[in-house]
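**Q** the sequence and its predicted three-dimensional model are supplied below.
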Amino acid sequence: MNAAVTSDRRQHLLPAPVTLESGVVLPRVSVAYHTWGTLAPGGDNAVLVCHALTGSSDVSDWWGGLIGPHGALDPSRDYVVCSNVLGSCYGSTGPGTPEWDAVFGRQPEAPAVTIRDVVHVQRQLLEALGVRRLRLVIGGSMGGMQALEWALLYPGMVEAIAVLAAPAVHAPWAMALAEVQRQAIFADPEWPHGRAAKGLAAARMMGMISYRSAQAFEARFGAGRHDASAPSVTRWLHRHGEKLVDRFDARAYVTLTHVLDSHDVGRGRGGVQAALARLHQPALVVGIDSDVLYLPDEMRGLARDLPAGELFWLESPHGHDAFLIEQDVVLRAVRDFRAQLEM
């Protein structure tokens, strides 16, 4: 990313308690966020970027090509905001913070937060920043789920959305994958009073299998499977597990996988198709042909059921993570989508 558009993390304390969908009240909620660019006097040039499961509010750390003079989001005209989600461990209120533990204590196994809770908290942050309209809400994976809920919860505020590799519902297949990851953490002897490093590493290894594809594993590791000096899938998995342990919190991981499981745009809205039929904003849907986490048919169905949905089909061997790995292709699609909106 161009150094001219970097941003420092800031902190905002919400002025009032937050009541979650569960009815639980969080008396104090703090939100970590980054911004790029300048908000227009009318508060109508904002773009919200929503991060995935273990992401942070620093977009440059995980999606470096998105923001900049040649990116899909240009700080010379866009006021770009990204906040760390409620329940995470990158600055916002979540497991391990005093305000969270005062309410939930050491009972992190139970679901606490939903995608809709996350969006309601983001809305309060944007209100405090002076944002009145969102030109675009964009996100991949869990971020795409937030984009859908933004369009449904605050339709008068959102002009368009871009949903990358995220379905309308966290289906039983995806919920099963999340549950086995949680069980790996719960089986760690340190859980829940220690770091549960082995459990978290194992959970990440399971996750990485679902983030890539059989083709990607074969291409990278197949030829050298019997060569000790060649790339090893075992070493690769362990390395990713260890890297997550170094930067993330096991309790936050449990909390956020429950957030994923909460995602269902049709809940309380008469079903998925009825809910999507209400969403009239232009919507870019990016599906990936090799995604084994959020399956191609789910993404086709989402684009079909959105009244103004546009499907961009990404053919890639990289699986679910292709929306990050194939950045040039994906960001070109986002730029083209935004150009159409301005015609």
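**A** Cool, got the structure. Numbering: from 1, shown residues only.

**Q** for the stretch 1-150 of the chain, just list every one of the strands.
**A** Secondary structure of the stretch 1-150 of the chain (DSSP state E, counting those that start in this stretch): strands at 10-13, 18-19, 25-26, 30-36, 46-50, 79-83, 134-140.

**Q** in JSON lines, list these along with mean pLDDT.
**A** Formatted as JSON lines, the strands of the stretch 1-150 of the chain follow (pLDDT from 0 to 100):
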{"stretch": "strand 10-13", "mean pLDDT": "97"}
{"stretch": "strand 18-19", "mean pLDDT": "97"}
{"stretch": "strand 25-26", "mean pLDDT": "96"}
{"stretch": "strand 30-36", "mean pLDDT": "98"}
{"stretch": "strand 46-50", "mean pLDDT": "98"}
{"stretch": "strand 79-83", "mean pLDDT": "98"}
{"stretch": "strand 134-140", "mean pLDDT": "98"}
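
**Q** give me the below-cutoff pLDDT ranges for the stretch 51-200 of the chain.
**A** Along the stretch 51-200 of the chain, the parts satisfying pLDDT under 70 run over 106-109.

**Q** thinking again about what came up before, tabulate the strands of the stretch 1-150 of the chain (CSV), appending distance to residue 218 and mean neighbour count.
**A** C-beta: built from backbone N, CA, C; applies to glycine. Shown next, in CSV, are the strands of the stretch 1-150 of the chain (distance: least, C-beta to C-beta, whole Å; neighbours: other C-beta atoms under 10 Å):
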stretch, distance to residue 218, mean neighbour count
strand 10-13, 44, 13
strand 18-19, 46, 15
strand 25-26, 46, 16
strand 30-36, 38, 22
strand 46-50, 32, 28
strand 79-83, 35, 27
strand 134-140, 24, 27
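
**Q** need those in a markdown table with distance to residue 105, can you?
**A** Shown next, in a markdown table, are these (distance: least, C-beta to C-beta, whole Å):
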| stretch | distance to residue 105 |
| --- | --- |
| strand 10-13 | 22 |
| strand 18-19 | 18 |
| strand 25-26 | 13 |
| strand 30-36 | 19 |
| strand 46-50 | 29 |
| strand 79-83 | 25 |
| strand 134-140 | 31 |
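
**Q** between those, which gets nearest to residue 224?
**A** With C-beta to C-beta as the criterion, residue 224 lies closest to strand 134-140 of the strands of the stretch 1-150 of the chain, at 30.6 Å.

**Q** figure out how far that closest one is from the centre of its chain.
**A** Averaging C-alpha positions (C-alpha atoms, centre = their mean, to the nearest Å) puts strand 134-140 11 Å from its chain's average.

**Q** dump it to CSV, keeping only the CA atoms.
**A** What follows is strand 134-140, C-alpha atoms only, in CSV (Å, rounded to 0.1, in the frame of the first residue of the first chain):
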residue,chain,number,x,y,z
LEU,A,134,-22.3,4.6,2.6
ARG,A,135,-21.4,4.5,-1.1
LEU,A,136,-20.4,0.8,-0.7
VAL,A,137,-20.1,-1.8,2.0
ILE,A,138,-17.6,-4.5,1.0
GLY,A,139,-16.3,-7.6,2.6
GLY,A,140,-15.1,-11.1,2.1
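
**Q** mind checking how far the most centrally placed residue in the chain is from residue 34?
**A** Central residue of the chain (C-alpha atoms, centre = their mean): residue 52, 2.2 Å from the mean position. Plainly put, residue 52 is 15 Å away from residue 34 if you go by C-beta to C-beta, to the nearest Å.

**Q** if we can go back for a sec, nearest to residue 325, out of the strands of the stretch 1-150 of the chain?
**A** strand 134-140 (11.2 Å).

**Q** list the helices and strands that closest one packs on?
**A** The contact analysis (3 or more C-beta pairs under 8 Å, 6 or more residues apart in numbering; DSSP states H and E) places strand 134-140 against strand 46-50, helix 142-153, strand 161-164.
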